[in-house]
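# attaching a predicted model along with its sequence, questions to come.
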Amino acid sequence: MQQLRELKINELSELAAMDARTNATPWSLFNYQQSAEDPTHNILGLFVDDILCGACVYSQVLDQAEILQLCVGYEHQRKGYGYLLLDSVCTELKKYAASQIFLEVMVGNISAINLYQKLGFNVINTRKNYYNVNGKYKDALIMARELV
Ligand SMILES: CC(C)(COP(=O)(O)OP(=O)(O)OC[C@H]1O[C@@H](n2cnc3c(N)ncnc32)[C@H](O)[C@@H]1OP(=O)(O)O)[C@@H](O)C(=O)NCCC(=O)NCCS
């Protein structure tokens, strides 16, 4: 059974551990805790048979929304969960009158870029040397989509 719901504070350490195993630019537990305290942020988790398989952190201020983090556990990837999470976030944001959604993704993160393009996001800009992965600087693509 699949369930999408807000993560509870005591589930954030599990999310941070999954992110650390999966993501080239993971958030720490502290990052997630700070995010949970921010009233403009939401942390939506996807549970399958009560197992946390992925999560998406997003924010909304007035009609502008942003995807801040997205992660599907390594062992749960390529089952459509990333798509389900992000599509659900877009649907939720539309209900709250968001009109545009933005995100940043590292150049070369083909899985994520393909996923975002599949959901209608387009590259609108590049940020040079935005990420530092093991001492190497990588550019970020800024992607956006209208929520109509
Ligand atoms: C990016 C990520 C969230 C995708 O999650 P997922 O559940 O595996 O993706 P889905 O199964 O929903 O796939 C949806 C689409 O994404 C793209 N995609 C996903 N994995 C891919 C891969 N390994 N190679 C190429 N495209 C891929 C495809 O377009 C796919 O559609 P298709 O199945 O019709 O080809 C996951 O790989 C992840 O957590 N990566 C590490 C963290 C990360 O990079 N997050 C993004 C930070 S900006």
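Looks like it arrived, so ask away. Numbers count the residues shown, from 1 in each chain.
# in the sheet, who's paired with the residue positioned nearest the centre of the chain?
A centroid search over the chain (CA atoms, centre = their mean) returns residue 70, at 2.4 Å, as the residue closest to the centre. Taking DSSP bridges as the rule, residue 70 bridges to residue 56.
# which residues does it contact?
Counting by CB atoms under 8 Å, 6 or more residues apart in numbering, residue 70 touches 54, 55, 56, 57, 82, 85, 86, 103, 112. No exception for glycine: its C-beta is placed from N, CA and C like everyone else's.
# quickly note the distance from it to residue 97.
According to CB to CB, to the nearest Å, residue 70 and residue 97 sit 22 Å apart.
# ditto for residue 33
28 Å.
# these two: which is more packed in?
residue 33 (14 against 10; other CB atoms under 10 Å).
# nearest residue to the more buried one in space, please, no chain neighbours.
Nearest residue to residue 33, sequence neighbours excluded (CB to CB, 6 or more residues apart in numbering): residue 12, at 6.0 Å.
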